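J.: What shape does this take:
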Amino acid sequence: MTTEPRQVLVIDDDQLARLEIARCVEQQGHMTTLAEHGGQGLELLRSRHFDLVLLDLVMPEVDGFEVLRQMKEDAELRSVPVIVITAVGEAENMAKCMEMGADSHLSKPVDPNLLGGHIKAIFQ
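T.: Next comes the predicted model:
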């Protein structure tokens, strides 16, 4: 069964991580848009449709917690699934993200197979 390509927004201030995550998503046949920080990610979310957001937590200025908070408070954005991807794998941060409405979470460095499984589960 072939699924149509989905629009995925990758928000991460680490360029290498951002590109690696995008490569994994594109290998699954989806299209990616990249944001270098939370503020840019929020601008993109408010101007275009995305089917999924892959969100880093620790970023300068507007961090992932703030992006997630604003998404879940916005009637237009609250239904967009979010997978939090972070190097800061503290259990309390992950629990907080899930309480705030994230759909899933992964630790960096990201295992491409694990990321692929999470994305497939979101799109089923």
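
J.: Every contact and neighbour count from this point should use C-alpha atoms.
T.: OK.

J.: Can you show me the helices along the protein?
T.: For the chain, applying DSSP state H gives helices covering 15-27, 38-47, 64-73, 91-100, 112-123.

J.: mean pLDDT for these: which is lowest?
T.: Of all the helices of the chain, mean pLDDT reaches its minimum on helix 91-100 (a mean of 87).

J.: Return the set of buried residues in that helix.
T.: Neighbour counts using 16 or more other C-alpha atoms under 10 Å place Met94, Cys97, Met98 of helix 91-100 among the buried residues.

J.: ok, now stretch 75-88?
T.: Quick answer for stretch 75-88 (16+ other C-alpha under 10 Å): Leu77, Arg78, Val80, Pro81, Val82, Ile83, Val84, Ile85, Thr86.

J.: Need the phi and psi values for Gly101.
T.: Gly101 adopts backbone torsions of phi 120, psi 10, taken as degrees, to the nearest 10.
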